[in-house]
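Participant: Okay, here's the prediction I keep looking at, along with the sequence it came from:
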Amino acid sequence: MPVLKVVAGRASAPEFVLSVEATIGRGEESAIRLYDETSSRRHAEVVPAGSGGGAAGEWRVRDLGSSNGTYLNGRRVSEAALAEGDEITVGATRLRFESGRLGSRETVVIGEGPAGRVESSLREADLGAPAAGKASEALQAAGRRFAGILDAEDLLEAVAEAAETALKPDRVAALLLDGEEIAARALRGSAGRDVALSRAIVSRVVSSGEALLVADVPGDPRFRSRESLVTAEVRSVLCAPLAAGGEVLGLLYADRGPERGMGRFGPDDLATALAIAREAGPALRSARAFAAERARVRSLEGAIAESEAIVGESAKLRAVLSMVDRAAATDSTVLLRGETGTGKELVARALHRRSKRRDGPFVPVNVAALVGTLLESELFGYEKGAFTGAVKRTPGKFEAAHGGTLFLDEIGEMAVETQAALLRAIQEREFFRVGGTRSVSVDIRLIAATNRDLEGEVKAGRFREDLYYRLSVVQVEIPPLRDRLEDLPALVEHLMRRIVARTARRPGALAPGVLDAFRAYRWPGNVRELANLLERAVVLAPGPSLTLDLFPPEVRGEAPPAGAAPAPRDDEVITVAEAERRAIARALAHTGWKKGETAKLLGISWPTLNKKIEDYKIVREGPASGRS
């Protein structure tokens with residue numbers, strides 16, 4: 001009889017025998033009851049397609065108007081036919097369909113008889129009690145053996161071992177297929193001899209999806225002249241597909257020759273092989289899916305590592321990385337200082353990756369993008385009813401970073417009233433949610449970053465002195481790009497790889513003279529400005545290389561636009577605040593006072609840009625143009 005086996009999730013039984021139509025859902029009236037809140041009370045049903053009952057291929061799954069849908073082998077369906085090994089997903093529960101019939105599609109070639117070649121279909125009724133019992137034992141043993149194996153090659157080894165134990169062949173192979181090509185194999189043979197695979201047998205099984213038993217190779221005209229079989233003295237061959245969801249994923253291949261004197265394979269052996277194959281097929285599909293997911297994760301990790309790479313070999317950058325390595329070994333609070341666009345978040349992520357908290361979360365917060373109580377609720381969370389719209393308790397970034405690292409960018413923009421709450425949270429490692437009366441404890445490492453002169457902010461009364469000292473236990477200065485111009489070639493190459501991958505455009509290298517112009521430019525927006533200008537050039541490039549005319553006049557060494565702040569002389573000493581003011585003024589002039597583009601170029605939010613324009617009293621000069 002056909003059955004539905006629970007392979008993931010919780011249900012009222014581990015498997016359900018299908019004799020008549022059966023409903024699936026979490027309601028008590030469902031024949032297959034699921035303990036799963038994501039399923040509907042009457043979610044789906046499995047029904048026989050006709051009056052013939054529950055034979056393989058004669059059952060269908062039908063969605064009953066569920067909220068979350070019914071899926072067959074990962075695809076949402078309203079109604080679909082079921083095949084051997086198909087998986088039905090209902091909410092968080094997965095059920096595998098097994099027909100319960102042995103060999104309904106398996107061709108058996110017995111050999112030559114008085115009236116010619118004898119060929120028949122093997123059916124459950126033809127097996128007899130001993131064969132069915134032997135198949136059941138093999139099925140149970142195989143199921144226990146394959147459970148939990150997620151590596152495809154390890155699974156092949158287990159399949160080959162199970163077949164060797166149950167079938168007593170001279171040689172056996174478990175094969176993983178990629179199309180019709182063999183991608184991996186596990187071999188076991190007697191007398192040190194490998195399996196002599198017959199391409200004709202393999203091709204037939206792969207193309208038909210049916211098992212094949214050649215009981216008497218020398219007596220079968222189709223195979224007795226095959227050189228691979230004759231040379232290996234093969235007398236009998238058995239080949240069964242490892243299939244799931246209607247796809248042949250691999251093969252179980254066994255043969256017998258003169259070594260063990262076991263005689264020919266028979267129907268009982270085929271039944272046993274099919275029992276093993278039916279367990280191995282879905283397990284192999286799971287192993288392949290796991291391998292694909294693992295490859296995807298590794299690809300994402302590689303992409304993340306590429307995007308977070310700190311590129312360069314200059315002495316100043318090496319000094320930063322040396323400081324990062326030393327600071328990463330502790331849980332001390334770190335303050336990263338540097339101009340806008342120097343890569344402070346990259347350094348913060350590097351600190352996290354090299355610390356003992358690397359397996360915990362890294363949670364970044366842009367302080368400048370949030371103000372007042374909005375920032376407090378973002379950092380510390382809030383209780384239900386704390387304010388209008390607080391419909392449930394919501395944890396904040398401190399709780400999200402538990403066991404890992406919390407990165408507060410642009411810490412100099414934090415309002416004084418919020419600074420007191422932050423100071424207590426840092427010192428005590430506990431805080432109150434907005435509207436809460438019970439303290440919450442967390443285990444975090446804090447990294448902060450700023451492009452402001454915090455000492456000047458302390459003197460001006462805009463930043464708490466005690467918070468400044470608490471944040472600056474370890475200070476790391478990030479050098480501006482103009483102070484490490486020797487890193488330009490490596491930076492350009494790294495950024496170009498990322499830009500080409502993102503834009504799908506493939507221009508060639510920089511044209512002659514561009515890199516020299518880059519070295520002469522002051523880069524007020526630092527690495528972020530370099531990345532944005534390169535991307536703009538890649539998008540606009542009409543030819544195979546990036547020529548100098550694709551870059552702004554100031555990069556080309558021409559006169560800056562009207563209203564732009566003059567670049568500081570090499571011997572001029574200015575404050576950090578003045579450097580920031582000039583960088584913002586220059587960026588505004590570069591974009592024609594388009595504030596959205598300017599904020600993106602500088603790596604700050606639009607409200608932060610407006611606030612800095614007001615604080616520094618930056619005034620637009622010259623004729624108005626573009627958006628503001």
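Facilitator: Okay, I see it.
Participant: which residue packs closest to residue 485, ignoring adjacent ones?
Facilitator: residue 519 (5.2 Å; C-beta to C-beta, 6 or more residues apart in numbering). No exception for glycine: its C-beta is placed from N, CA and C like everyone else's.
Participant: burial count for the one you found?
Facilitator: Residues within reach of residue 519, counting by other C-beta atoms under 10 Å, total 13.
Participant: State the helix or strand in which it lies.
Facilitator: helix 514-520 (DSSP states H and E).
Participant: Check residue 424 too.
Facilitator: Assigned by DSSP H and E, residue 424 belongs to helix 416-428.
Participant: same for the longest helix anywhere in the chain, what does it pack against?
Facilitator: Determined from DSSP state H, the single longest helix within the chain is helix 267-307. For helix 267-307, the packing partners by 3 or more C-beta pairs under 8 Å, 6 or more residues apart in numbering; DSSP states H and E come out as helix 124-146, helix 152-167, strand 212-214, strand 236-244, strand 247-256, helix 488-503.
Participant: Of all the ones you listed, which one is nearest residue 434?
Facilitator: helix 488-503 (38.2 Å; C-beta to C-beta).
Participant: Verify the contact between residue 257 and residue 237 for me.
Facilitator: No: with contact defined as C-beta atoms under 8 Å, residue 257 does not reach residue 237; the gap is 10.1 Å.
Participant: Which one's more surrounded, the two?
Facilitator: Taking other C-beta under 10 Å, residue 257 and residue 237 do not tie; residue 237 has more neighbours (28 against 21).
Participant: Report the separation between that one and residue 432.
Facilitator: Here residue 237 is placed at a distance of 74 Å from residue 432 (C-beta to C-beta, to the nearest Å).
Participant: Give me the contact list for the one helix or strand residue 475 maps to.
Facilitator: For residue 475, the element it lies in under DSSP H and E is strand 474-477. Applying C-beta atoms under 8 Å, 6 or more residues apart in numbering, the external contacts of strand 474-477 come out as 320, 323-324, 327, 330, 332-338, 347.
Participant: Keep only those of the residues you listed that are in strands.
Facilitator: Among the contacts of strand 474-477, the ones falling in strands (DSSP state E) are 334, 335, 336, 337.
Participant: Format these as JSON lines; extra columns: distance to residue 501, neighbour count and pLDDT.
Facilitator: As requested, the ones in strands among the contacts of strand 474-477 are exported to JSON lines (distance: C-beta to C-beta, whole Å; neighbours: other C-beta atoms under 10 Å; pLDDT from 0 to 100):
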{"residue": "334", "distance to residue 501": "31", "neighbour count": "26", "pLDDT": "96"}
{"residue": "335", "distance to residue 501": "33", "neighbour count": "22", "pLDDT": "96"}
{"residue": "336", "distance to residue 501": "27", "neighbour count": "27", "pLDDT": "96"}
{"residue": "337", "distance to residue 501": "31", "neighbour count": "20", "pLDDT": "95"}
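Participant: Dump those residues into CSV; add distance to residue 296 as well.
Facilitator: Output for the ones in strands among the contacts of strand 474-477, formatted as CSV (distance: C-beta to C-beta, whole Å):
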residue, distance to residue 296
334, 33
335, 37
336, 32
337, 38
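Participant: ok, now which ones touch the nearest residue to residue 241 once chain neighbours are set aside?
Facilitator: Closest residue in space to residue 241, ignoring its immediate chain neighbours: residue 248 at 4.5 Å, by C-beta to C-beta, 6+ apart. Applying C-beta under 8 Å, 6+ apart to residue 248 gives the contacts 177, 205, 206, 209, 241, 242.
Participant: Just the pLDDT at residue 248, thanks.
Facilitator: Per-residue pLDDT puts residue 248 at 89.
Participant: quick one: buried residues of the helix or strand hosting residue 585?
Facilitator: Residue 585 is part of helix 576-591, with elements assigned from DSSP H and E. Neighbour-count burial for helix 576-591 flags 576-577, 579-591 (criterion: 16 or more other C-beta atoms under 10 Å).
Participant: And these, which is closest to residue 410?
Facilitator: Proximity of the buried residues of helix 576-591 to residue 410 (C-beta to C-beta) peaks at residue 580, which lies at 11.6 Å.
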